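*Asks:* quick one, what's the 3D model for this:
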Amino acid sequence: MSHIQPRALIAEDEPLLAQALVHMLSTQWPALQIQAVAGDGISAAAQALQLLPDVLFLDIRMPGQSGLEAAAEIADAWPEDRPLPAIVFVTAYDQYALAAFEACAMDYVLKPVQPLRLAQSVQRLQHWWQQRQSAQAAPQPQTLEQTLEQLLALQQRMQASAAAPLQ
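*Replies:* Model (predicted):
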């Protein structure tokens, strides 16, 4: 399932910070569709698994469940036939950076979010998104069965032409 516009979910328990992030992202990446803003980790995981966004912006410390716990839950329950979303942690706590990257985070942005730093993250995400769209648009490799069928058909044609009398 390919779509042209990337979709995102923001998990931030501070409404003003969530609003500011939505505004900065809409300015820096107008094509990004913010599907939802969750105020806690449990809601973030549930909404992510329902909406299947392409990008997650997760705060680390949130009520109910941390952003790291939400990311782990999302990864565990994510549909196998869908590529995992890119994860950007947006937090005031630098001590969780290693754990975030071990959880396959694409980026880690410290609060207060600086527009220039968010722009770097957006550029990284846009590059990732373009690569992902190109990969999905590329022809998929044949299955082994399809290749074998083609080889058998070719072999039969060669045998038939070899057995045909010369004219």
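*Asks:* what residues sit buried inside the helix or strand encompassing S134?
*Replies:* Assessed by DSSP states H and E, S134 sits inside helix 115-137. Of all the residues in helix 115-137, those buried under the rule 16 or more other C-beta atoms under 10 Å are 118, 121-122, 125, 128-129. C-beta here means a position set from N, CA and C on the backbone, and glycine is covered the same way.
*Asks:* with stretch 55-68 instead?
*Replies:* Residues 55-60, 62, 65-68 are the ones in stretch 55-68 that count as buried (16+ other C-beta under 10 Å).
*Asks:* tell me which of those residues is nearest to Q47?
*Replies:* Ranked by distance to Q47 (C-beta to C-beta), those are led by L56 at 10.0 Å.
*Asks:* and after the helix or strand where the closest one lies, which helix or strand comes next?
*Replies:* With secondary structure defined by DSSP H and E, L56 is part of strand 55-58. Next helix or strand after strand 55-58 toward the C-terminus (DSSP H and E): helix 67-77.
*Asks:* packing partners for that next one?
*Replies:* helix 41-51, strand 55-58, strand 86-91 (3 or more C-beta pairs under 8 Å, 6 or more residues apart in numbering; DSSP states H and E).
*Asks:* dump the residue contacts of the nearest residue to G67 once chain neighbours are set aside.
*Replies:* In space, and not counting its chain neighbours, G67 is closest to L58: 3.5 Å by C-beta to C-beta, 6 or more residues apart in numbering. L58 makes contact with 11, 41, 44, 67, 70-71, 87-90 under the criterion C-beta atoms under 8 Å, 6 or more residues apart in numbering.
*Asks:* among the helices and strands packed on helix 67-77, which is the most enclosed?
*Replies:* Ranked by mean neighbour count, those are led by strand 55-58 with a mean of 27 (mean count of other C-beta atoms under 10 Å).
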